[in-house]
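# the sequence isn't on hand, but the structure is:
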């Protein structure tokens with residue numbers, strides 16, 4: 001199995017409705033989507049997927065859809081207020097947690113025909129979430 005990974009950086013804002021901490025307020029992040037695709041065999045050029053094509057197609061979608069947008073839950077009353085004010089908003093069916101943003105990107109990459117196996121979404125330099133369809137194997141160390 002061959003795997004290749006492309007990082008795509010973008011900026012976004014969000015808030016988590018009903019959250020007890022600071023993230024309930026509008027705030028922003030410099031995010032990074034790390035997209036991994038895989039194939040059993042390489043193409044005629046010896047690649048899983050051309051990195052340039054990933055940047056062009058996936059990166060363009062992220063730029064148009066998520067970059068410098070306020071990502072809000074569809075039921076958030078601020079969606080209509082911000083849109084009426086001319087602000088760029090992307091309304092999500094789920095709350096815009098890092099986990100759900102990773103899944104959103106995964107689902108779009110898959111729908112675009114890429115053999116995606118995993119998307120890791122970095123919200124900060126020290127915090128990230130990963131989504132994959134296949135169960136993640138968790139290896140527990142047995143301590144004696």
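Arrived safely, thanks for sending. Keep in mind that this is a model prediction, so the values were computed, not measured.

# quick one: secondary structure of residue 79?
Taken by DSSP: H, G, I helix; E, B strand; the rest coil, the conformation at residue 79 corresponds to helix.

# helix or strand for residue 9, which one?
strand 2-14 (DSSP states H and E).

# what residues does the helix or strand following that strand touch?
Proceeding N to C from strand 2-14, the next assigned helix or strand is strand 27-39, under DSSP H and E. Outside strand 27-39, the residues that touch it by CB atoms under 8 Å, 6 or more residues apart in numbering are 1-15, 48-49, 54, 58, 62, 101-102, 105, 109, 114-124, 128. Where C-beta positions appear, they are placed from N, C-alpha and C, glycine not excepted.

# one more pass at 7 Å, please.
Identification of contacts with strand 27-39 by CB atoms under 7 Å, 6 or more residues apart in numbering yields 1-13, 15, 48-49, 54, 58, 62, 105, 109, 114-124.
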